[in-house]
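A.B. asks: sequence and predicted structure are below.
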Number of protein chains: 2
Amino acid sequence: MLRNKTKYALKALQVLAKEYGQGPVLISEIARRERISPKFLELILLELKNQGVVQSKKGKGGGYFLARAPQTVSVGQIVRMMEGPLAPLPCVSKTSYMRCAECRDERTCGIRIVMKDVRDATARILDSTTLADVLQRVASVVQGKEGLSYAI
Amino acid sequence: MLRNKTKYALKALQVLAKEYGQGPVLISEIARRERISPKFLELILLELKNQGVVQSKKGKGGGYFLARAPQTVSVGQIVRMMEGPLAPLPCVSKTSYMRCAECRDERTCGIRIVMKDVRDATARILDSTTLADVLQRVASVVQGKEGLSYAI
DNA sequence: CAATAGTCTAGTAAACGAATAGGGTAAAAG
DNA sequence: CTTTTACCCTATTCGTTTACTAGACTATTG
């Protein structure tokens, strides 16, 4: 499960992607639109800024905006920033591999083999989906092109 | 990331799957083979027993054994038991759906659309992989049929 | 009955998660 | 140049979870 922090980061970036090229957006505006605690969101945006994903402007007319075009920011990048590796186990992570202390033979660890598949599938999806893609898929749903709902 | 508890549960079940049909295996034996704290493993096996995945026998010649054939126990079942839903967000879980409190319109939430894909991919892999499959894939690696290693 | 081996309840130290608090600093308006 | 607007940054709180550890209890076997 993703942390709230990660979910909020993605929601905020979705807003900034939508407003991309139209000047800065206030923290309070994002918070209002996504119903997130403004103070908590501030922390999150600050972290995204330190990671170089967004930029900010102070004073009147200030706010946050994407540092790069929405087509160049993948969901995978953001999730890794906020959450750490995508891999279900550290021993299958490509970006921050670590062996399991107790594992005798990594090569023949069945759990690892399966979890590597999961990691690869997750990475394939998240790394190939950009903020622009996300906006487009939302637009498709609104136009009734994509799956309308799904059974709980 | 999976918890140690989940990883240990899967490792223990892998051992029990290998020994399936050959009588009970001692907690201490599993702990030794997988280098897990025996006391912690005890708690985990107890939980698996209460969930009906394994059975036990007390006294001399006792130990734990699988309650069902390895072909009928999926990794997905075990992960859900120990970890909860596979879904990265509660609003895309099929087994324990819950809406996000702050979400205005779930249907047009971009994050949700992407995370639903991740959930589906994960579930497809974990629910279609049984303990027997895991053993077989390990055997394949030992025989040099499957990917020998992969770059870190 | 003694030895074996699982059952079950508690406890605990450390880390984590989700905020909240509040003063600091830069930029623009007047 | 001072006020207002907004972001900047550090610290703290508080409840929950994680990963164990301890130890007494109970059933089975020989």
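C.D. replies: Looks like it came in fine.

A.B. asks: longest helix of chain A?
C.D. replies: helix A:110-128 (DSSP state H).

A.B. asks: A:Lys57 is in contact with A:Gly63, isn't it?
C.D. replies: Yes - between A:Lys57 and A:Gly63 there is a contact at 6.3 Å, judged by Cβ atoms under 8 Å. Every C-beta, even on glycine, is put in place using the N, C-alpha and C of the backbone.

A.B. asks: find the nearest non-adjacent residue to the residue of chain A positioned farthest from its centre, please.
C.D. replies: In chain A, A:Arg104 marks the outermost C-alpha relative to the chain mean, sitting 34.5 Å out by Cα atoms, centre = their mean. Nearest residue to A:Arg104, sequence neighbours excluded (Cβ to Cβ, 6 or more residues apart in numbering or on different chains): B:Arg35, at 7.0 Å.

A.B. asks: quick check: neighbours shared by A:Lys57 and A:Gly63?
C.D. replies: A:Pro24 (Cβ atoms under 8 Å, 6 or more residues apart in numbering or on different chains).

A.B. asks: okay, those two: which has more neighbours?
C.D. replies: Higher neighbour count among A:Lys57 and A:Gly63: A:Gly63, with 21 against 12, using other Cβ atoms under 10 Å in any protein chain shown.

A.B. asks: returning to what we had before: so the residue farthest from the centre of chain A, which state does it fall into?
C.D. replies: Look at A:Arg104: counting by DSSP: H, G, I helix; E, B strand; the rest coil, its state is coil.

A.B. asks: isn't the residue nearest to A:Arg104 right up against B:Lys7?
C.D. replies: No - in this structure, B:Arg35 is not within contact of B:Lys7 by Cβ under 8 Å, at 11.9 Å.

A.B. asks: tell me if the longest helix of chain A is near DNA strand D.
C.D. replies: No - shown here: helix A:110-128 not in contact with DNA strand D (Cβ under 7 Å from any atom of the strand), separated by at least 14.6 Å.

A.B. asks: report the angle between the axes of the helix or strand that that helix is followed by and helix B:110-128?
C.D. replies: Next along the chain after helix A:110-128, taking DSSP states H and E as the criterion, comes helix A:131-142. Using axes from the mean of the first three to the mean of the last three Cα atoms, to 10 degrees, the inter-axis angle of helix A:131-142 relative to helix B:110-128 is 90 degrees.

A.B. asks: is chain B within reach of helix A:131-142?
C.D. replies: Yes - Helix A:131-142 lies within reach of chain B by Cβ under 8 Å from any Cβ of the partner chain, at A:134-135, A:137-138, A:141-142.

A.B. asks: got the CA positions of that helix in PDB?
C.D. replies: Written as PDB, here are the backbone C-alpha positions of helix A:131-142 (Å, rounded to 0.1, in the frame of the first residue of the first chain):
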ATOM      1  CA  LEU A 131       1.800  12.600 -15.900                       C
ATOM      2  CA  ALA A 132       0.600  13.500 -19.400                       C
ATOM      3  CA  ASP A 133      -0.600   9.900 -19.900                       C
ATOM      4  CA  VAL A 134      -2.500  10.100 -16.600                       C
ATOM      5  CA  LEU A 135      -4.300  13.300 -17.700                       C
ATOM      6  CA  GLN A 136      -5.100  11.700 -21.000                       C
ATOM      7  CA  ARG A 137      -6.600   8.600 -19.500                       C
ATOM      8  CA  VAL A 138      -8.800  10.700 -17.200                       C
ATOM      9  CA  ALA A 139      -9.900  12.600 -20.300                       C
ATOM     10  CA  SER A 140     -10.700   9.300 -22.000                       C
ATOM     11  CA  VAL A 141     -12.800   8.200 -19.100                       C
ATOM     12  CA  VAL A 142     -14.700  11.500 -19.100                       C
END
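
A.B. asks: perfect, I'm done here.
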